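Novice: mind looking at a prediction? Sequence and model below.
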Amino acid sequence: MGLKFWRRATAAPVEARSAPTMSVGDPALLAFLGLPSDGSTTVTESTALTLSAVYRAVSLVAGSIGSLPLRTLTETDGQKVRAKSFLDSPGGRDRRFTASEWKQLVATHLLLHGNAFLQHVYNGAGALVALYPVHPLSVEVEWDDRRPGGKKFTIHLEDGKNVVLDSTSMTQVMGLSLDGLRGLSCIEKARVSLSTGISGDRQAGRMFSSGLSISGFITPDAAESDLEGDEPEVIKTAVNKAFTGTKNAGSVAVLSKALKFHPMTLTAADAQFIESRAFSVEEVSRWFGVPPHLLSQVEKQTSWGSGVAEQNRGLARYTLTNLTTPIQERLTLLLPLGKTAEFDYTAFIKPAPEDEIALILSEVNGGLITPNEGRRIRNLPPIPGGDTLRLPAGMGPAGSPPKTEGEAE
């Protein structure tokens, strides 16, 4: 498992010590290496991602988060206004990570391991300019009240040395946790389910590679004697030539012997095997919180019409926000006072054009937004006089008493 991508990016002094020893029978070592202690299939992040459902779920969730704009906002006169910060290029301006690559990597670490560790990078003036993701498996976390933030982060390097950091140089984004020290790893908790899926994939590969996929077999009719010599091979060649291929469609085949064809049928065990592989997709859907239709499992549900829009909103509300909320809250702590970090879901949950236009018109005519604000939503230029609110009929200026029936306009 290579951790060589991590490197110290500042000249600040760090504490280095020799790597600790660990027994080969220690369960923590087995978990770190992804080795099972119960004889099941080994599950690591690499083997888990060989399952198509897992890869699709992770790429879908992480890719969706990577596409969300990460804004720095400041509140002015009760309104949130965009402000500039290092989060415009959180991966640094040295092109190590683009903004979308950075967000996708952080989301992947958080999704698979329940933790994302971000190393602080400062410029010569001491200003925070970037956050470099560190692989969660290379970081050990311990409580330490003597250090800022109350935690000590020990990064294990490939050369056997360790680097010790605290909250002034490392930010931990944590998912669901039982002790507040580390988040729970999804691939660790889902090891049994994923192991079953991996074993099924391997068994399917062995079954097809061994050549068991035949359509049937031929035996001589009861009136015929057993086939002798090279007769089986001759008959096989003749049958394949007479019955297979598009050129034989609609033709009449003639055989010189009375033969019986026995088609290979799907046994109950085979059907159960196929069902188990379909069930593994549903298991992945539950573990990662991704609707089955987004994993191409559409047999038992509809995925058309308004149902898709509602399911996409559900994905944003119940899955994506579980990851983006802890990220943006931790990033807010790194910004100057008065500024907040926020993922913008506007484009992700944007309604259909006809629904959006109808909503804008109702907001403009209801006096909630000006015509130019509505045009800005549709990326249209402003119009003269479009900065004035339209009040509904019968309504006076804000703060004026309501008109009585029969009162002159």
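Specialist: Arrived safely, thanks for sending.

Novice: show me where the stretch 1-150 of the chain has its strands.
Specialist: Using DSSP state E, counting those that start in this stretch, the strands of the stretch 1-150 of the chain run over residues 15-18, 70-76, 79-82, 115-122, 128-134, 139-143.

Novice: tabulate those strands in JSON lines, adding columns for mean pLDDT.
Specialist: Listed next are these as JSON lines, based on pLDDT from 0 to 100:
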{"stretch": "strand 15-18", "mean pLDDT": "47"}
{"stretch": "strand 70-76", "mean pLDDT": "92"}
{"stretch": "strand 79-82", "mean pLDDT": "86"}
{"stretch": "strand 115-122", "mean pLDDT": "96"}
{"stretch": "strand 128-134", "mean pLDDT": "96"}
{"stretch": "strand 139-143", "mean pLDDT": "96"}
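
Novice: could you say which one of the ones you listed comes nearest to residue 285?
Specialist: strand 115-122 (22.8 Å; CB to CB). The C-beta positions use only the backbone N, C-alpha and C, and glycine is treated the same way.

Novice: tell me the buried residues in that closest one?
Specialist: 115-122 (16 or more other CB atoms under 10 Å).

Novice: hmm, back to that, how about the strands of the stretch 1-150 of the chain, which one is nearest residue 184?
Specialist: Ranking those by proximity to residue 184 (CB to CB) places strand 115-122 first, at 9.0 Å.

Novice: partner strands of that closest one, with direction?
Specialist: strand 128-134 (antiparallel), strand 170-174 (antiparallel) (DSSP bridges).

Novice: of these, which is nearest residue 235?
Specialist: strand 128-134 (63.6 Å).

Novice: report how many residues lie close to residue 357.
Specialist: 14 (other CB atoms under 10 Å).

Novice: and of the strands of the stretch 1-150 of the chain, who's closest to residue 317?
Specialist: Across the strands of the stretch 1-150 of the chain, residue 317 has its closest neighbour in strand 70-76 (18.6 Å, CB to CB).

Novice: before we move on, what SS does residue 326 have?
Specialist: helix (DSSP: H, G, I helix; E, B strand; the rest coil).

Novice: mind listing the helices for the stretch 51-200 of the chain?
Specialist: 52-67, 99-113, 186-189, 191-209 (DSSP state H, counting those that start in this stretch).

Novice: now those as CSV including mean neighbour count, mean pLDDT and distance to residue 170?
Specialist: Formatted as CSV, those follow (neighbours: other CB atoms under 10 Å; pLDDT from 0 to 100; distance: least, CB to CB, whole Å):
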stretch, mean neighbour count, mean pLDDT, distance to residue 170
helix 52-67, 20, 94, 21
helix 99-113, 21, 96, 14
helix 186-189, 19, 91, 22
helix 191-209, 16, 71, 28
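
Novice: where does this structure dip in pLDDT?
Specialist: 1-41, 200-218, 221-229, 242-258, 261-279, 298-309, 393-409 (pLDDT under 70).

Novice: where do the domain boundaries of it fall?
Specialist: 1-209+270-343, 215-263, 351-396 (automatic domain parsing).

Novice: follow-up on the earlier one: can you list the helices of the stretch 51-200 of the chain in TSV and add distance to residue 234?
Specialist: Listed next are the helices of the stretch 51-200 of the chain as TSV, based on distance: least, CB to CB, whole Å:
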stretch	distance to residue 234
helix 52-67	43
helix 99-113	57
helix 186-189	54
helix 191-209	28
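
Novice: of all those helices, which one is nearest residue 282?
Specialist: helix 52-67 (8.8 Å).

Novice: that closest one vs helix 99-113, what angle?
Specialist: Relative orientation of helix 52-67 and helix 99-113, computed by axes from the mean of the first three to the mean of the last three CA atoms, to 10 degrees: 140 degrees.

Novice: and helix 52-67, what does it pack against?
Specialist: Counting contacts by 3 or more CB pairs under 8 Å, 6 or more residues apart in numbering; DSSP states H and E, helix 52-67 packs against helix 99-113, helix 191-209, helix 268-288, helix 321-332.

Novice: what about 6 Å?
Specialist: Applying 3 or more CB pairs under 6 Å, 6 or more residues apart in numbering; DSSP states H and E, one finds that helix 52-67 contacts helix 99-113, helix 268-288.

Novice: tell me what angle the shortest one forms with strand 139-143.
Specialist: Between the direction of helix 99-113 and that of strand 139-143, the angle (the same axes, to 10 degrees) works out to 70 degrees.

Novice: and helix 99-113, what does it pack against?
Specialist: By 3+ CB pairs under 6 Å, 6+ apart, helix 99-113 packs against helix 52-67, strand 115-122.

Novice: okay, those in a markdown table with distance to residue 380 next?
Specialist: Compiled in a markdown table, the helices and strands packed on helix 99-113 are given as follows (distance: least, CB to CB, whole Å):
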| stretch | distance to residue 380 |
| --- | --- |
| helix 52-67 | 24 |
| strand 115-122 | 39 |
